[in-house]
Structure formats: structure tokens, C-alpha cells
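Undergrad: just the structure for this:
(3 chains)
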Amino acid sequence: MEKRVVFRSRWLPYLLVAPQLAITIVFFFLPAGQAIWQSLLQEDPFGTSTEFIGLENFATLFADEHYLASFRVTAIFSVLVAGFGLAISLVLAVFADRVVRGAGVYKTLLIWPYAVAHAVAAVLWLFLFNPTLGVVAHWIKGLGIGWDPLLDGNDAMVLVVVAAVWNQISYNFLFFLAGLQSIPKSLIEAAAIDGAGPGRRFWTIVFPLLSPTTFFLLVVNIVFAFFNTFAIIDAATGGGPGQATEILVYKVYKDGFKALDLGSSAAQSVVLMAIVIGLTVLQFKWIERKVQY
Amino acid sequence: MNRHSIRVVRLAVAGALFAFAAGAQAQVEIQWWHSMTGALNDRVNDFAKGFNESQKDYKVVPVYKGAYPESMAAAIAAFRAGNAPHILQVFEVGTATMMGAKGAIVPVQQVMTGAGEKFDPKAYIPSVAGYYTTSKGQMLSFPFNSSTAVFYYNKDMFEKAGIDPNRAPATWPEVMAAAARIKTSGTSQCAYTTGWPSWVHVENFSAWHNVPIATRENGMAGLDTVFQINSPLHVRHWNNLKEWAGKGYFTYGGRTNQAEAKFYSGECAMLTSSSAAQANINRNAKFKYGVAFMPYYADVAGAPQNSIIGGASLWVMSGKKPNEYKGVAKFFTYLANPARQAQWHQTTGYLPITPVAYDLTKNAGFYEKNPGTDVSVRQMLNKPPTANSKGLRFGSFVQIRDMFQEEFENMLAGKQDAKTALDNSVKRGNEMLRRFQKTTKE
Amino acid sequence: MVERRPLLDFITHAVLLLGVAVIAFPVYVTFVASTITAEEVLAAPMTLVPGPHLLENYKEAWLHGAGNSAAPVRTMMFNSLVSALVIAIGKIAISLVSAFAIVYFRFPLRMFFFWMIFVTLMLPVEVRILPTYKIVSDLSMLDSYAGLTLPLIASATATFLFRQFFLTIPDELAEAARIDGAGPMRFFWDVVVPMSKTSMAALFVIQFIYGWNQYLWPLIVTTQEDYYTVVIGIKRMIAGGGEASVEWHLVMATAMMAMLPPAVVVILMQKWFVKGLVDTEK
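TA: I've put the predicted structure just below:
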């Protein structure tokens, strides 16, 4: 789609795009290029000795079982966050869609966690789940279940997944609700007249019609779990215990900033860029599909 | 925003003063990046203020730059951008990285002699100085805040459990006997916990038992060092900790100093952690407590040896003007003053890093008035340090320590036994050492 | 409602109320913890009834901060506000003009620029941390408001959003402006900006929250307390490794204060918030 009517100026358009381009070049392309270049080097932190080593950083990385373990952790984490996040918010959205009076109030009460920073969400849940003083931890122990996110990797994983899901529910809820509200009521009424109960109607009509929304949210949630949950991991577990919650993004930060292993960190950045590109392409596939409706 | 307007006024005033001073005589500014917070931050500022008032030519500007790893990363970035500070406080695990950065630092000894300041590395406690000295005997950085691992116990809880509160458990079996009493008598759910697991249960444990952490004098004699912490003694100790954790005698408290809060809140009866924690314990504990030597295994020949240090030292960065180095040297001389060293030790809980400062403190009767404050010193000076106990120097040790702690956590979580945990630690640690060796030319 | 089902109605409200309660619970506990003393927080399990120390805890945090982060909350809140506003307004401003240029002009490299902006979607800050840090350091922008905000200002989504929107503005308007002899900037100010107000408001809400809640970036570019934002301030308050213990009552008071501004923005500007969310994902 293009405008038929346009203005003419030799210099004005360049001036207008200049700020955006300048920032894009300085803070996006330059660093990305540097990451790629750095990933081919071996260098001490101070930059006093530099050696070109080709793809050795990548070879080391993929031979490192702990890097591969980080992939596994990221995959499990993403699946849990996306799975629980979508399921819970879908349930809430379906019920909220049924409510005639008070729907607005419920909506308001369910969307505000979006405003809470990931790091703050992590601290709140860390506090609730703190084995010494947490209220929830106390209940869990009261049930006779051992609870120690400092030591038990599964417990730590539960902690970060709960914090992430809590933070992301509002977003999923809003999109599910919008999706549900756009389903023609006549379709559902017709099914009701045919004698289909609410459960049956949901699975045969509503859920299939929601599938584009679901797919879209799935991708968004995976991107969220992959990249935006850094704050949750850093504030709640710091990747531990062991490496139980060390997701890829956290490892890039840790190896680069704490351990000053520049080559490895850069190589990991490059791998992550490839993953983002893949996910973005997937997201756009969805937009194409949506356009066909 | 009050603070901001104050800052603006301060800037304006500073600007005016600067313009005025520039007319008369330019003062040389010396940037000092550090990681001291709270009361320690105040002490650091006091040092700078005292020095600045004592003379007119130089002005030391202390800047808090975040926790140790952050401040180090910031300084490295600043160095690459050509605006590093003059003085940088680096924690002991970053020592090897700094030593490897030949072109980035100036050895403190060279700074001092270059400026004609008196400097005697022998004035320092050997196991402190040894940490920051090359294998060729050149002292590279200026020791500043050093602590060591000690043992704390809650006397009230001991009494309640029917254990003599005036006799601290000296050996690990005694610690565990006490732990069993505390558990079975129902005194507390948590008997023993530890801060800094790798520092206490690998590094200090090895030195205290006079066994090597790694070959080549714990890495101090060369970069081709190899970890040796999977010895039978290490395995035995980790295996004990695992067993004690299983029985509920030992409660894991996290990778840094979180366990200290478990002790002074009255949750845990015994703690091994930094001697610098004492100030904080003093402030928070509502019970009588004792400080003692670290426990050891009595059947190990030569144990207890002496413990090793943690904490940080001051590094001088390269690329500055000779006049500025002169200021740095003068400032170090100011810091090295025995009275100031003694006061630093007394107010912070860090070790006195010179025997003179120790004597000053002792003669002033400080240790009698504050029982327990000399435990760390006596433990450091327990015996003349050996190759196994004079310190350690490993590249990428920040990362390696995390690996040890990961393996330790996995062991306590029941995923592996002590032998596997230590074997893995050695294997992963050695890989990192080899990587570091490659990037660092000696 | 398709048919009446009293039982299902009951279940509906029960589920929703449960959902609301579970979601609100952590914040409730946080609130309670911020109104009691340090000792009461440590007494496990902590009480679930608010105590009388609300004012003094908030005042203490506001004026002095807590634990390892010695920066007072008011300084950090001010920094957060500045960053959030600069990021939100900056993003809107540069995206508005660049989208205007791309839609209303024909010039060499136009599509190339468009794709360049588009590609930034694929480079979230998390994957280029270290090199971006290095560049900001080279520009001497560490520990400054410029360093905190500038690298986050480029926005492919906002540029897209405005581009889509401009394409729906009827051509007749631009035609009329040209016939009247009005230049492009006149047209921009008199027609495009006023028409974009709703989109700008919606974007502002989303980007304000985005800016306020930034974590990784402020964490690495600020080392001096004067530039901490409140979100990383909280992290530093609970970070291990310092000499002080965690003062949970103050941390929780800070958390409450950190949550308040974005939550108020979401609730009061709910309509724009929802529009903003939906629009930015088109």
C-alpha cells in the first residue's frame, strides 16, 4: 500500500528519518556487528591481547554440555511459562466473557499485573516462597512437602515460572478476551439451539475460532520466556541452584559481565540473534494468516 | 527534588572553586573506584577527606561503582575507552585477571619507588602480601580490606542444648556432635550453616589442612596450574556435609553471605563465614555468641595450618601522568600509616594487614574489650604459611567459583555424590583455567 | 448470555473471584510486610494483618533507601520517572517523524531505511548486551540519563504503528494542503499530529510502562547510586554479597512505591492501554 499524494523535498525526508536511523545504527547495528566480530576473537578482558580464532568460540560452546543444558532449561522454562500462562488466562477470559454485569470490574482487577516490573514480580514471589520467612513456603511445608528453592532446582524452577506466569497473565487475558468477543454470537446461539452444552460449544466452536489468537500468543509467550524474563531470573534465583534456572539470556549476561569471557558471550549473542530471527519470521507467518481472514 | 538541587548547587560551587583554584594552582584529581557500602563507605570517604585535608596538591575522589564484579566490569570498559580510574578496588578472586592484564596495570611497588615513597612489602602479614605478589617477588597491588573465614556459635543455644558454651567445637566431628545435640534437644531446627561455600569449604578448608587446591602453589607459581580438590580429604569433607545436610544438621544458606542472617536472626546455632561479618552480627544478634577458629579434622597431619584471605586490594591502572602517580603513591603512604590501619581494623572487622597495626590494637586493650575480634588474626598467623596456604591465584576464578558452588548445590540436592561433585568441579575448573591460560601471555 | 444456567453463573463468578484473589495475593502480602517492623517480617510465618508502621517505613525508604542500595527511593523514583518519560516521548517523537517521512515522501533508499528500522525488532537488547555497553561506554554515557534512555529509544513497532495509521489518512487531506500551498511540515503539524493523538496516547501508556520497568539496561549502565532506577534499586536492596542484611519491610515499601505509578497509569488509562497493546502487536 502506498500513498498517491506525496510531498517533494530533497533533504527533508532524510532529516526526518535521521534521529531514528542514527540511534538504530549506533545502538543496534554497530553492537550487532561487534558481537559477530567479537565472537570470532579470543581476547582478554582488557583488550591487551587479541587473537582471531575463527569459529572456535562456537565449537567450544556447542561442545560444552553446560551450554546445551542451558538450552534445555530455556526450553522447559518456555514451555511451562507459555503452557500455564495460556491455560490460566484462557480459563479466566472464557469466564469473564460470560459475565454480563461487572465484566469491566473483573477486567480491571485482572490486567494490572502487566504494570508490575518483572524484577519486582520476582522479588514479590521470592519473598512469598522464601524458605525461612515466606508465607507460601510455610504453607507448602505445612503440607509436609520439602521446599527449598536455594537447593532444589525444581523448586527454583517453580518459583521463576510462577513469577513469570503471574506477570504475563494480564496480557494473555486481554488478547483472549478480545478474541472471544469477536466471535459472532449467532454461531454460538445456533449451536445452543442444536442442543450443544457450554462445554461442547467451547471445544467445537470457540476454541477452533480462537486458534489464531492462541498461536499468536504462543509465539509472544515464547519470546517473552526466552528474552524478557532475564529480570525474573536475575532477581529471583541468579540462575541457580546449580544451573537449574540458567536460561540462555542469563548465561550471556553472566559469562560476559560477571566472568568477562568476551568471546564466549559474543558467540552466545550471535546464537540468540539467530533464534530471534527465527521467532520473528514465525510471528510474521501468523500475521499473513490473519490477513487472509 | 531536594537532592538534585543540592547537587546542582554543589556542582556550581565546585565549578567556581575550580576556576578560582585553576588561577592559583591546579589540584591533581585522583579517581578511586570502590565497592564499599554502608558504614564501610563512610570510612572510605573519611580516608579521602583526611588525605585531602592533609595536603594541597592532590585530591582523592572516591566513587562507589557497585558491587565488586560490577565495578570491575565498569573499570575494564572504562580502560578500553581510555578513561579508567587511577585506583580500583578489586576483590581477591579478580586478582589473577588483573595480574594477567600486564599493560593495564602498574605494579604498586613501581608506583611507590617511582614516586620516591617509602614502601616495604615485608611490613605486611605474609599471607596477605603473598596474595598480591608475583612469583618473582614484586608486589602488584596494595592490600586494603582482607578478611578470613571463622566459626561463630550461639552460646545461648549451646547452653539450652546442654553443651558447654565456653568451649567452641574445635573439630568437624565436634561440630556435628553439637549439631546433633541441638537438633535432638529441640533447641533449633537449624544447627549449622555456612556463608560463601566455595571460599569456606574449598579454599579455606584446603589451606587450613595444608593440602593443595591446585598444582603450582595454588596457581601462584604459574598459569599451568591444575585443580586438585578431588583428593580423598576433600571428598570426605564434602561427603560429610552431604550426610549432615541429609540428617538436618547442616542447612544450606546460599552462595554469598545470606547465611549470616540465618545466624544472627537466631535461626541457626552455628555458622562459618567471613570475619568481616562480625560487625553485623554484633548489631543484630540478641544473644551471646562466640567466635572461634575454623573446625578441622584432627587426624590430618599438620592441621590446623593457617587460613587464607578474602576481601580486596587496590590496583593502580596504567596510562596516567607521572604527577598523578605521585599523588597515588602519597595516598597509599597515607593509608599505610599504622594508626590508620589499626583504626580501620577496629572499626570494620577487617584484618589488620600489618603486624604493627595488630600490636597497636592489642596494646590498646581492644581485644580484651571486644572478645573474639582477634580470632581472625590469630588464625591467619597460626603457622608460617606454606605453598598450600599462602594464597591462591586462578584466572576466571569468579566463574570457576560459581561452578564449584553449582556442583556443591547439585550434590546437596541429591543429584550426585561428593566424589562426582568434586571430580566435576576439577574438570570444569581446569577447562576454564586452560582457556584463561590461552588468552594470557606470561 | 445464550441461556440461563444459575449454577454456571455461580461457578463463573467463583472462578473469576478466585483468579482475582490469587493474582492480588502477592501484592497484598507485600503491602502487609511494608506496614510492620523488620522483626515482625522475620517471625515466620509473617502476620497477614496490616500493622501500624506504614508511614514510618515508607518515610524511611523514601528518604534513606535500604540495605545495600543506599540510594533513597525518592532519588530512584525521580530517575525512573525521567527515564520512563524520555523513553516514551522520545520513541513517539522519532517514530512519528520517521514514519511521516516514509509515508509522505519518495526518496532514494526509502525502503532500505524502512527495512533497517524493521530489522531492529530482531535485536532485543538482551542479545547485544556487551557490545552495546561498550559503545555507550565509548561515548562516555555510562551513569547518565542519556545512557539510560537513548539506546532504548529506537522503536520499530512505533514506526510501524504510525505508518499503518498514516496510510489510513485520506489522500484528499494532503491534496488539499498542497493546493493551499502548505508545506509538508505545516501539514504534519496541522493535520497529522492532531489526527494521531489517540495512537500517541495509546503508545505512551505502553512505552511509559516499558520505560519504567526496564531492568537489564539500567542494571549495567548505572553503577552510581545517583542514577539507579527504582526497579534495579529493589534488586540491589536484596542482593547478597554486601555487608548488610535484607531489610524486608523497607524493600516491600519500596516495591509498593515502584509498582504504583505504572499501575495507576494502566488503571486510569485502561482504554488507551488496551488499544496500545492491541495496536503494537498488529
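Undergrad: mind checking how far the closest residue to C:Pro261 other than its chain neighbours is from chain B?
TA: Excluding the flanking residues, the one nearest C:Pro261 by CB to CB, 6 or more residues apart in numbering or on different chains is C:Trp212, at 6.4 Å. Where you see a C-beta, it was placed from the backbone N, CA and C, and this is true even at glycine. Counting by CB to the nearest CB, to the nearest Å, the gap from C:Trp212 to chain B is 17 Å.
Undergrad: secondary structure class for the residue in chain B positioned nearest to chain C?
TA: Here the residue of chain B nearest chain C is B:Thr256; by CB to the nearest CB that distance is 3.4 Å. Using DSSP: H, G, I helix; E, B strand; the rest coil as the criterion, the local structure at B:Thr256 reads coil.
Undergrad: so what pLDDT did it get?
TA: For B:Thr256, the pLDDT comes out at 80.
Undergrad: likewise for B:Ile76?
TA: 86.
Undergrad: and it, what is it in contact with?
TA: By CB atoms under 8 Å, 6 or more residues apart in numbering or on different chains, the residues touching B:Ile76 are A:45-46, A:260.
Undergrad: before we move on, the earlier item: tell me how many other residues surround the residue nearest to C:Pro261.
TA: 25 (other CB atoms under 10 Å in any protein chain shown).
Undergrad: isn't it right up against C:Pro262?
TA: Yes. Using CB atoms under 8 Å, C:Trp212 and C:Pro262 qualify as a contacting pair, with a distance of 5.0 Å.
Undergrad: shared neighbours, the two?
TA: Taking CB under 8 Å, 6+ apart as the contact rule, C:Trp212 and C:Pro262 both touch A:Ala117.
Undergrad: circling back: do I have it right that the residue of chain B closest to chain C meets B:Gly195?
TA: Yes. With contacts counted by CB under 8 Å, B:Thr256 reaches B:Gly195, the gap being 6.9 Å.
Undergrad: give me the more crowded residue out of those two.
TA: Using other CB under 10 Å as the criterion, B:Thr256 and B:Gly195 rank with B:Gly195 on top: 25 against 19.
Undergrad: where's the residue lying closest to the more buried one once chain neighbours are set aside, which helix or strand?
TA: Distances taken as CB to CB, 6+ apart place B:Ser273 nearest to B:Gly195, at 3.3 Å, with adjacent residues excluded. Using DSSP states H and E, B:Ser273 falls within strand B:268-274.
Undergrad: who are the packing partners of that strand?
TA: strand B:142-154, helix B:172-184, strand B:190-194, helix B:258-264 (3 or more CB pairs under 8 Å, 6 or more residues apart in numbering or on different chains; DSSP states H and E).
Undergrad: nearest to chain A, of the ones you listed?
TA: Closest among the helices and strands packed on strand B:268-274, using CB to the nearest CB: helix B:258-264, at 6.8 Å.
Undergrad: neighbouring contacts of that closest one?
TA: The contact list for helix B:258-264 (CB under 8 Å, 6+ apart) reads A:132, B:152, B:154, B:190, B:193-195, B:251, B:253, B:268, B:270-271, B:273, B:277, B:280-281, B:284-285, C:240, C:245-246.
Undergrad: buried ones among those residues?
TA: Buried members of the contacts of helix B:258-264, scored by 16 or more other CB atoms under 10 Å in any protein chain shown, are A:132, B:152, B:154, B:190, B:193-195, B:251, B:253, B:268, B:270-271, B:273, B:277, B:280-281, B:284-285, C:240, C:245-246.
Undergrad: near chain B, which residues of chain A?
TA: A:42-49, A:51, A:60, A:66, A:132, A:148, A:150-153, A:238, A:240-243, A:254-255, A:257-261 (CB under 8 Å from any CB of the partner chain).
Undergrad: those in helices, which ones?
TA: The members of these that map onto helices under DSSP state H are A:60, A:66, A:153.
Undergrad: select only the buried ones of these in PyMOL?
TA: Selection of buried members from these for PyMOL, criterion 16+ other CB under 10 Å:
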select buried, chain A and resi 60+153
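Undergrad: unless I'm mixing things up, A:Leu201 is touching A:Ile188, no?
TA: Not Leu; residue A:201 is Arg. Yes. If you go by CB under 8 Å, A:Arg201 and A:Ile188 touch, sitting 5.8 Å apart.
Undergrad: what residues does the worst-scoring helix or strand of chain C on mean pLDDT touch?
TA: Ranking every helix and strand in chain C by mean pLDDT, DSSP states H and E puts helix C:38-42 at the bottom, with a mean of 80. Contact partners of helix C:38-42, identified using CB under 8 Å, 6+ apart, comprise A:132-133, B:265, C:33, C:46-47, C:51, C:247-250, C:252.
Undergrad: what residues of that helix count as buried?
TA: So for helix C:38-42, counting by 16+ other CB under 10 Å, buried means C:38, C:40-42.
Undergrad: hmm, back to that, could you identify the most distant pair in the contacts of helix C:38-42?
TA: Spatial extent of those (CB to CB) is set by the pair A:Thr132 and C:Gly51 at 19.6 Å.
Undergrad: that older thread, how about the ones in helices among the residues of chain A next to chain B in a markdown table, adding pLDDT and distance to chain C?
TA: Supplementary listing: these in a markdown table, determined by pLDDT from 0 to 100; distance: CB to the nearest CB, whole Å:
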| residue | pLDDT | distance to chain C |
| --- | --- | --- |
| A:Thr60 | 89 | 17 |
| A:His66 | 87 | 19 |
| A:Gly153 | 88 | 19 |
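Undergrad: would CSV of the ones in helices among the residues of chain A next to chain B with distance to C:Gly147 be doable?
TA: CSV is the format used below for these (distance: CB to CB, whole Å):
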residue, distance to C:Gly147
A:Thr60, 32
A:His66, 32
A:Gly153, 36
